[in-house]
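Novice: Next comes the sequence, and after it the predicted model I'd like to discuss.
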Amino acid sequence: RTFTREDGLLSDMVNVILPDSFGGIWFGSYNSRGGISYLATDGAWAYWTVANGLPHEYVTSIYQDQKQDVWVGTGLLSEGGAAVFHPAGGEWSLVRTLTKDDGLAGEKVRSIFQDQTQRLWLGSEYDGVAILGPGGVTILDQTSGLSDNEVKVMVQDQDGQIWLGTRYGVTMILEHTFQR
């Protein structure tokens, strides 16, 4: 089976997909007619675009955190941000948006990750990574040791080290670096 705009997607171009913990599927499009298309378990569609609060129509990443909220990274060049969706009463609501003014490293959010201690890492296209933790926001970039400011992907290994894949190499951060 295929899904296109005729079947309910905002755009035929889908760059990121997230099956959430409730059985729904999030589709993110990275183009001028983009945004989020959400297919619920009952077959109903929901949509988020800049018209109803998404920071930018180009969706770069989707991540469900340990509290079950869904984070969406958006942006193109030096515009964008992140959106946070919360499940309540069987429906998703956009409850918060973040930009550089809110502590992000840069406007375009390229990647999203949550570590074992529940800190959220939001990688940017040009400006490094913002780490949202209980002690506030920490920004890491090339001046603090990243191999490049474009953070494309992040994972944590079984020993707790965090690995950041960047445009020009990989940076490994020891687990105890951010103990607070």
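Specialist: In hand now; what should we look at?

Novice: Tell me how many other residues surround the closest residue to Y168 other than its chain neighbours.
Specialist: In space, and not counting its chain neighbours, Y168 is closest to D148: 4.1 Å by CB to CB, 6 or more residues apart in numbering. (Glycine included, C-beta is placed from N, CA and C.) D148 has 18 neighbours, counted by other CB atoms under 10 Å.

Novice: got it, and I162?
Specialist: For I162, the neighbour count with other CB under 10 Å is 22.

Novice: For it, give the beta-bridge partners.
Specialist: In this structure, I162 bridges to Q156, I173 when assessed by DSSP bridges.

Novice: Check the gap between F3 and S32 for me.
Specialist: Using CB to CB, to the nearest Å, F3 is found at 20 Å from S32.

Novice: The two - which one has more neighbours?
Specialist: The neighbour comparison of F3 against S32 (other CB under 10 Å) goes to F3, with 14 against 9.

Novice: Need the three-state assignment for that one.
Specialist: On the three-state scheme (DSSP: H, G, I helix; E, B strand; the rest coil), F3 is labelled coil.

Novice: Give me the nearest residue to it, chain neighbours excluded.
Specialist: L9 is the one closest to F3 (CB to CB, 6+ apart), at 5.7 Å.

Novice: For that neighbour, grab the count of nearby residues.
Specialist: 18.

Novice: One more: Q156?
Specialist: Counted with other CB under 10 Å, residues neighbouring Q156 total 17.

Novice: got the contact list for it?
Specialist: Contacts for Q156 were tallied using CB atoms under 8 Å, 6 or more residues apart in numbering; they are F113, D115, Q116, I162, W163, E175.

Novice: before we move on, what about V59?
Specialist: N15, V16, G28, S29, Y30, G34, G35, I36, V72, G73, T74.

Novice: separation between the closest residue to K152 other than its chain neighbours and G8?
Specialist: In space, and not counting its chain neighbours, K152 is closest to G165: 5.1 Å by CB to CB, 6+ apart. As judged by CB to CB, G165 and G8 stand 33 Å apart.

Novice: show me where pLDDT drops low in the protein?
Specialist: Flagging of the chain using pLDDT under 70 yields the residue ranges 178-180.

Novice: ok, the longest strand anywhere in it: who's next to it in the sheet?
Specialist: For the chain, the strand reaching the highest residue count under DSSP state E is reported as strand 79-88. Sheet pairing of strand 79-88 (DSSP bridges) gives strand 70-76 (antiparallel), strand 91-98 (antiparallel).

Novice: A46 versus S37, what's the distance?
Specialist: Computed as CB to CB, the S37 to A46 distance reads 8 Å.

Novice: Pick out whichever of these two has more residues nearby.
Specialist: S37 (24 against 16).

Novice: That one: which element?
Specialist: Using DSSP states H and E, S37 sits in strand 35-39.

Novice: Which element is encountered next along the chain beyond that strand?
Specialist: Under the assignment DSSP H and E, the closest C-terminal helix or strand after strand 35-39 is strand 45-48.
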